Structures are given as C-alpha cells and as structure tokens.
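Here's my sequence, what's the structure:
(one chain, ligands or ions: 1)
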Amino acid sequence: MVVNRDLDSRISHARDASGLEMIPEGVARAETVDDVVEVVHLAMSINTNVTPAGSQTSMTGASITDRGILLSLAPMNRVLDVDVSQRLARVEPGVTIGQLNRELAGSNLMFAPDPTSEQDATIGGAIACNASGARSLYYGATRRHVNAVKVVHADGALATYRRSHPEKNTAGFAAAQDPVDWFVGSEGTLGIVAEAELCLVPMPAHIVGLAIPFRDQASALLFVVSARKGEGGRTARCLEFFDETALGIAAKSIGSTWSDAAAMIYLEDDAGEAADLSEVMSAWLATAEQFGALSDDIRIFDGAQALRDARVMRHAVPSTMNERGSAQITNGGRKVSTDWAVPYARLGDALDASKLAIEKYSAPAPVTYGHAGNGHPHQNFIAHNPQELRVINESIEETLRSVIQMGGTVSAEHGLGKLKQAWLSLQLSPRQIAIMRAMKQTLDPTGLFSPGNVL
Ligand SMILES: Cc1cc2nc3c(=O)[nH]c(=O)nc-3n(C[C@H](O)[C@H](O)[C@H](O)COP(=O)(O)OP(=O)(O)OC[C@H]3O[C@@H](n4cnc5c(N)ncnc54)[C@H](O)[C@@H]3O)c2cc1C
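Model prediction:
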C-alpha cells in the first residue's frame, strides 16, 4: 500500500465543499479491506494520523486534514451482494448512493437516503455523517438504513457489528447496546467503515411532485405545518422550502417562472396509494388554497423525466451557492451554510429569530431553502471577505441559541467537522460531551482518527 507524499497528490485531496483547504502529509487510496488495515498499522508505527474520506463533499471540513494521512476509500466501489428477498445490500464504502440506486434498478428496491449530493456521496461518507435528504421526511436519515458495518478499529483490528433488533432489551446502557450507532454520524473519528450492509426499501408506486408557489413566506410555512399534520388527508414524502432568491435560482434551472411568488414549497406524494391522480391533486390543491397558494401557477412533475427535472431544480440552489462561495475564497470569504433544525412547527419562529440576529450583526442576507417538513432549512450566506465571515458566524451563533431554546439542533445533517464543533456545547451539556470524549478515548485512545473533527 503506497502512501503518496508528492505535492500534486496531496493538493488533489486538500479540499472538500467547506471552502477550507488543508494539505495532508500523505495520501493513500485503499482498494481492499486489507489496504485499510495496512494504512492504520503504518500510521500507528510512524505515530501519525489517518482521516478517512469518500468523495470529499463534506460541507464542514470533515474530509480534509493537514495532519497525517488522508485515506481515500473511493476506490472501494463495488456493490458486493444484493439480497432482494431480505431487502439488503452489502457494499464497499466507496460506492456512491447514485451508483447503488442505479445498480438496484430492476429490483424494485432503492436505498432511501437522498442527500442532494447523492450522485457523489459515498456510503462510507453518508454513514459517517448520518446523511439525509428531502426523502428523509418519510424514510428517516441514513442511521435507520444501516444494518451492519465492518469496521477497522484504531488498533487495526477488524470487527463486524450487526443490529440485533430485539423487541425488548435491558442489557446495559443504551449507548453500548448497538455498536452500529457508534459509527453512524461519527465523522471518521471512531473507526473506518470498510464495508456496510444496508437496508433497502421498495420503490414507491407513482411519485408525483408539486411545486406550489405562495405570495409570502409565512403562508408557505403554515402550509408546511398543515401538510406535515396530514390535514388534507395526504402524506407528503418531502416538503422542501424555497425563499424568493432560491425560487429564482430553481426556476431558472428548469426554465420556469413564478414571478408573483415570494416563496415556494416542493412536495412529493405517492399517488400509487390513491384511487386516482385527480383525487391526490384535488386534496393538495384544497390545502394549498387554504393558505393562499398561487394555485394557477402550481407545476406538476409526473413521470421519470419530470421528476429528474424536479431534482435538477432542487439541486440548482446549493450548487449555485457553492459556486458563488468558491468565487470569494481568494478574497478570504466563502459560502457559510447553516444546518440547524427545529421542531417543524417552530420553523417560522426560528427564521424570525435568524432575521433579528442578521440585522443585529449587519450580516448579509442569506438564501434560505431546504427541508421545511423537518424544520430544517439551509441558510446560505456568501461572505465576500473575512469581516463578513465574522459577522455571519456571530449572527448564526445568536440564531443557534434561539434554535436550542426551541428544542432544535445546531447540525441536522452536515455534521460538525472542523467548522461547527464550537457550537456543540450550545446543545450538549458538559456531561454529554464528557461521555463522547470517553467513547473516543475507548475506541481511539491515541487519537489516531480524524483529528480536529467533532471534538
Ligand atoms: C452540493 C452539496 C449538497 C449536499 N447536500 C447534502 C444533503 O442534502 N444532505 C446531507 O446529509 N449532506 C449533504 N451534503 C454534504 C455531504 O455531501 C454528505 O455529508 C455526504 O454524505 C458526504 O459523503 P462523501 O463521500 O463526500 O464523504 P466525505 O466528504 O469524503 O467524508 C465525510 C465524513 O465522513 C468520513 N468518512 C468518509 N468515508 C468514511 C469511511 N469509510 N469510514 C469512516 N468515515 C468515513 C470522513 O472522515 C468525514 O468525516 C452536501 C454536499 C454538497 C457539496
């Protein structure tokens, strides 16, 4: 197993989607589980660190490092086995979510978690970040879909952990009962996922998307609360919010215009569960009209190509904002994305709190979009220079204090990485953080893995 120390290899692994740059001391690209074990032994022997990486789409600097070896798992990209009857897939960690779902075509099964980055995001990265996406409103985040992991520990030992699913269990502390959960969301700090067994779900029968424009943001958010409660008699499989700027970016990406709208909700529903499509549409239209939707301008996405267009529309917003942020890196700026979430009915209150914080610190206005059904918007700020970066972060910290008071979280899907770990203590007590440190000390006593992530 070669560890490349040449500058070109190191620079080619020095960036993720956070806007940070960290040049590793060496780069290794694992092709087998044995390669992973070998790199861990090598790192131990020369007293250096190992940071695992998949496609390096992390938004928080979690998959870059300037300490030790950056270990790419991307070459381990084989789907090893699909058991259609048990609805399970065994995969190497470098398989991307998009690739897995393409390989599942024809089986009538899919891997449900759908981060916007699904065409690039690897299974290893998705597990390590507990990634989620629009469909997670219905299916939950990655954690729920991981049945087993093969892990390389910090002493080089290999272990396989499988969920046992007992209906009742009082054996020991909850934190110790299911080791699969140690690694889901651990951001590469507790072990390296070298293989995973994933739970698959049946493909829905007939997904239909609806883009529903509203004259104002408050009405759009009230519609989300009603939809989430199922008041119109239908279950939304995703409920995505676009503010006016996000709506402009989204509309342009698919050649649409919603000129009178100040906000939009994109939802999906499985019409296959209904007697006919018109019933589904009538139910949603009636609910939307109660909240003053611009019903003449509702756009329906029905059919495979139309649903691909809807994904293009949704993905256009983060991609565009990433490009705008990247253009500011040479000026000392970058994109700053929030990842906080609150109980869905408090989303309007949380956005009001954010508005006040932005005004207080004179931070630039963000573009706001995302998973409103989970109370989880992304606010994307573009900092044009270090001074803007500072006021943006101050305003976010103030918003996070309100978010925590509302029962929310500082990070719902991107993880903490190297950018957001200072905010962990806003949410978790010193005792909870001490328990995390004890887990780290137990599983990685020398601090071999992913220095600077999470803690
Ligand atoms: C445009 C864009 C949109 C995005 N949208 C979403 C979204 O909707 N939802 C969402 O959740 N995220 C989103 N992300 C963030 C990111 O794509 C996800 O977290 C993704 O799951 C990371 O996968 P990756 O393969 O790129 O992992 P990396 O970025 O390479 O790594 C991420 C973390 O996982 C660890 N890791 C990677 N592989 C392993 C392994 N085999 N074993 C142990 N640890 C490992 C790394 O050390 C790091 O801590 C988005 C990113 C971009 C750029």
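
Low-confidence ranges, this protein, go.
273-275 (pLDDT under 70).

Give me the helices and strands touching the helix or strand where residue 213 lies, please.
If you go by DSSP states H and E, residue 213 is part of strand 207-214. Applying 3 or more Cβ pairs under 8 Å, 6 or more residues apart in numbering; DSSP states H and E, we find strand 207-214 packed against helix 217-228, strand 263-270, helix 277-290, strand 299-302, helix 304-326. For every residue, glycine as well, the C-beta is placed using N, CA and C.

could you dump those to TSV with mean neighbour count and distance to the ligand?
Listed next are the helices and strands packed on strand 207-214 as TSV, based on neighbours: other Cβ atoms under 10 Å; distance: least, Cβ to the nearest ligand atom, whole Å:
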stretch	mean neighbour count	distance to the ligand
helix 217-228	21	18
strand 263-270	24	14
helix 277-290	17	24
strand 299-302	17	19
helix 304-326	17	4
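
Write out the residues of this structure neighbouring the ligand.
Within the chain, the positions near the ligand by Cβ under 6 Å from any ligand atom are 16-17, 51-59, 62-63, 73, 93, 115-117, 120-122, 124-126, 128-129, 131-133, 187-188, 192-193, 318-319, 322, 413-414, 450, 453.

Distance from the chain centre to the strand holding residue 213, please.
Computed by Cα atoms, centre = their mean, to the nearest Å, the chain-centroid distance of strand 207-214 equals 22 Å.

so that strand versus helix 217-228, what angle?
150 degrees (axes from the mean of the first three to the mean of the last three Cα atoms, to 10 degrees).

quick one: which of the helices and strands packed on strand 207-214 is nearest residue 102?
helix 304-326 (13.0 Å; Cβ to Cβ).

before we move on, the earlier item: separate out the buried members of the residues of the chain next to the ligand.
Buried members of these, scored by 16 or more other Cβ atoms under 10 Å, are 16-17, 51-59, 62-63, 73, 93, 115-117, 120-122, 124-126, 128-129, 131-133, 187-188, 192-193, 318, 322, 413-414, 450, 453.

Of these, which belong to strands?
51, 52, 53, 192, 193 (DSSP state E).

Show me the beta-bridge partners of the second one.
When bridges are called by DSSP bridges, residue 52 pairs up with residue 71.

shouldn't it be in contact with residue 129?
No: contact criterion Cβ atoms under 8 Å: residue 52 and residue 129 do not qualify, at 11.8 Å.

after the one helix or strand residue 10 maps to, next one along is what?
Residue 10 is part of helix 7-12 when elements are defined by DSSP H and E. Once the chain leaves helix 7-12, the next helix or strand it forms, by DSSP H and E, is strand 26-29.

which other helices and strands contact that following strand?
helix 7-12, strand 69-72.

looking at the ones you listed, which is closest to residue 356?
strand 69-72 (40.7 Å).

Outside of that closest one itself, which residues are in contact with it?
Contacts with strand 69-72, where a contact means Cβ atoms under 8 Å, 6 or more residues apart in numbering, come from 3, 10, 13, 24-30, 36, 39, 42-43, 48-54, 64, 94, 192.

If we use 6 Å, what do you get?
3, 13, 24, 26-29, 39, 43, 50-53 (Cβ atoms under 6 Å, 6 or more residues apart in numbering).

And the next helix or strand after it, what's buried?
Proceeding N to C from strand 69-72, the next assigned helix or strand is strand 79-83, under DSSP H and E. Buried residues in strand 79-83, counting neighbours by 16+ other Cβ under 10 Å, are found at 79, 82.

CA-only coordinates of strand 79-83 in CSV, if you can.
Extracted in CSV, the C-alpha atoms of strand 79-83 (Å, rounded to 0.1, in the frame of the first residue of the first chain):
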residue,chain,number,x,y,z
VAL,A,79,-21.7,-3.5,-4.7
LEU,A,80,-20.9,-6.9,-3.3
ASP,A,81,-24.3,-8.5,-2.9
VAL,A,82,-28.0,-7.7,-3.1
ASP,A,83,-30.5,-9.9,-1.3
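
what lines up beside the next helix or strand after that strand in the sheet?
Downstream of strand 79-83, the next assigned helix or strand under DSSP H and E is strand 88-91. Here strand 88-91 is paired, per DSSP bridges, with strand 79-83 (antiparallel), strand 192-199 (antiparallel).

Using a markdown table, lay out these together with distance to residue 369.
Putting those into a markdown table (distance: least, Cβ to Cβ, whole Å) gives the following:
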| stretch | distance to residue 369 |
| --- | --- |
| strand 79-83 | 32 |
| strand 192-199 | 28 |
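
quick one on the thing from earlier: tell me which residues are up against the helix holding residue 10.
With Cβ under 6 Å, 6+ apart as the contact definition, helix 7-12 has outside contacts at 23, 24, 27.
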